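Undergrad: Let me see the structure of the following:
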Amino acid sequence: MSQDSARSAPHAAVVFHPGKADVERLRQIVTAHGRAAGWAPPRWYPTQPEDSGRGAAQDALDDKPAVVLVAGGDGTVRAAAGVLQGTGVPIALIPAGTGNLLARELGVALADLDTAVSAAFSGCERRIDVAVADLSDSDGEWTSHAFVVMAGIGLDADMAANTNARAKKHLGWLAYVSPIARSVFANRLFRIDYRIDGSRSRTERAHTVIVGNCGTLAGNMLLIPRASIDDGFLDVVMMRPRGRLGWAGIGSRLTLQGAARRSRFTRRILARAPELHSLAYARGRVFEATFEVPRVVQLDGDSFGHVSAARITVRPGALLIRVRKRDPETAPVSGAAPRTLSDDPEHEGPDGQHDADDS
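TA: From the prediction side, this is the model:
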């Protein structure tokens, strides 16, 4: 390629986590695909620990790429999405993390680096929603952060805060088992005052609150069957178990929901299953919450410390993703209508008193 052609040809930018991506192999494959497509040489941007990759993504964007390949975990993708949303520059996902939840949701090849890279140069584009969490700390200072998978307080925030990077690297999603067990056995409920889409404020006692753009947790556990990354809505789930039987009911329901994706018979069982008080769902475009005691919050697997209030909104179709042309779009699982977060004659009052083993 001549010097003039190289200047006019498109180029790919690669934002990569140095501790997770197989950089040398990635360089070989990206360079080969770019050369085959007649593109200029790719440009490389390593992430920095202090910003999870936001600075690298901004540097990449400033150089006007045709596509940005993001090689890392969900935290790296979250940081890049915060920069690239609304710009019209597509992201191609190169999964290199523990959960890779957005990549799973989009059907990106997890163990085939060549196939994942090829989508950047020859795939099609799909718009997905981006959620924005405005968080207030105990001093009343607000910060704003984009995310694409889910925000959580309780169980998954404990997972994010109490699982070290070395365990995740060597054990994968199994590294989360210990913090999950500690959180479940402790079963500490907290008070949350919340409202959805400006409706009247409600009070709950919950163990875990998750606001999802995607519906699947680490370990391929389907938490929110009707969540879709491009429907313009946020899906909220509250876990409010009344002791051991409540957790058993949640575990059984999540197992059924996961199996329902693969089995028509299981979907019929799920459609006839009774509602669970322990697991309540809602959806909307704005979720606002305050906490009696500041709680740890996670966004896409990264802990953001203690917050006293949160306001989460959705930006429909704000992020462009480049995926393989043959990938079918993810469809929600049909099944029993989820229990809604509405007035419940059987629901506890603000004091949250429960019988220890009530489901």
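
Undergrad: Heading C-terminal from the longest helix seen in the chain, find the next helix or strand.
TA: The residue-count maximum for a helix in the chain (DSSP state H) belongs to helix 244-260. Downstream of helix 244-260, the next assigned helix or strand under DSSP states H and E is helix 264-272.

Undergrad: what angle do that following helix and helix 244-260 make?
TA: Angle, helix 264-272 to helix 244-260, by axes from the mean of the first three to the mean of the last three Cα atoms, to 10 degrees: 140 degrees.

Undergrad: Do me a favour and average the pLDDT over the next helix-or-strand element following helix 264-272.
TA: Counting by DSSP H and E, the element after helix 264-272 in chain order, helix or strand, is strand 279-284. Averaged over strand 279-284, pLDDT sits at 92.

Undergrad: Take the longest helix of the chain, keep the C-alpha atoms, and write them as PDB.
TA: Output in PDB follows, covering the C-alpha atoms of helix 244-260 (Å, rounded to 0.1, in the frame of the first residue of the first chain):
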ATOM      1  CA  ARG A 244     -33.500 -20.400  53.600                       C
ATOM      2  CA  LEU A 245     -36.700 -21.400  51.800                       C
ATOM      3  CA  GLY A 246     -36.800 -18.100  50.000                       C
ATOM      4  CA  TRP A 247     -33.300 -18.600  48.700                       C
ATOM      5  CA  ALA A 248     -34.300 -22.200  47.700                       C
ATOM      6  CA  GLY A 249     -37.200 -20.800  45.700                       C
ATOM      7  CA  ILE A 250     -35.000 -18.200  44.000                       C
ATOM      8  CA  GLY A 251     -32.400 -20.900  43.100                       C
ATOM      9  CA  SER A 252     -35.100 -23.200  41.700                       C
ATOM     10  CA  ARG A 253     -36.600 -20.400  39.600                       C
ATOM     11  CA  LEU A 254     -33.300 -19.300  38.100                       C
ATOM     12  CA  THR A 255     -32.500 -22.900  37.200                       C
ATOM     13  CA  LEU A 256     -35.900 -23.200  35.500                       C
ATOM     14  CA  GLN A 257     -35.400 -19.900  33.600                       C
ATOM     15  CA  GLY A 258     -32.000 -21.100  32.400                       C
ATOM     16  CA  ALA A 259     -33.300 -24.400  31.200                       C
ATOM     17  CA  ALA A 260     -36.300 -22.800  29.500                       C
END
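
Undergrad: That helix - contacts with which helices or strands?
TA: strand 221-222, helix 264-272, strand 279-284 (3 or more Cβ pairs under 8 Å, 6 or more residues apart in numbering; DSSP states H and E). For the C-beta atoms, the positions are set from N, CA and C on the backbone; glycine is no exception.

Undergrad: for stretch 123-131, the distance to its chain's centre please.
TA: 14 Å (Cα atoms, centre = their mean, to the nearest Å).

Undergrad: For that stretch, buried residues please.
TA: Under the neighbour-count criterion of 16 or more other Cβ atoms under 10 Å, stretch 123-131 has 123, 126, 128, 129, 130, 131 buried.

Undergrad: hmm, who's touching stretch 192-201?
TA: 153, 202-206, 209, 236, 282-292, 341 (Cβ atoms under 8 Å, 6 or more residues apart in numbering).

Undergrad: again, only this time at 7 Å
TA: By Cβ atoms under 7 Å, 6 or more residues apart in numbering, the list of residues contacting stretch 192-201 from outside reads 202-204, 206, 209, 236, 282, 284-291.

Undergrad: Quick check: beta-bridge partners of residue 150?
TA: residue 212 (DSSP bridges).

Undergrad: And for it, the neighbour number?
TA: 27 (other Cβ atoms under 10 Å).

Undergrad: What's the per-residue pLDDT of it here?
TA: Residue 150 is given a pLDDT of 94.

Undergrad: My guess is it contacts residue 216. True?
TA: No: assessed by Cβ atoms under 7 Å, residue 150 is found out of contact with residue 216, at 9.2 Å.

Undergrad: list the residues that contact both of the two?
TA: In terms of Cβ under 7 Å, 6+ apart, residue 150 and residue 216 are not both contacted by any residue.

Undergrad: tell me the domain boundaries of the protein?
TA: What automatic domain parsing lists as the domains of the chain is 3-122, 130-317.

Undergrad: mind checking how far the longest one is from the chain centre?
TA: So the one you mean is domain 130-317. So, by Cα atoms, centre = their mean, the centroid of domain 130-317 is 10 Å from its chain's centroid.

Undergrad: Between the two ends of it, what distance do you get?
TA: End-to-end distance for domain 130-317: 7 Å, by Cα to Cα, to the nearest Å.

Undergrad: what about residue 138, distance to residue 40?
TA: 49 Å (Cβ to Cβ, to the nearest Å).

Undergrad: OK, contacts around the residue positioned nearest the centre of the chain?
TA: In the chain, the residue lying closest to the centroid (Cα atoms, centre = their mean) is residue 149, at 1.7 Å. If you count contacts by Cβ under 7 Å, 6+ apart, residue 149 has them with 74, 101, 102, 213, 214, 300.
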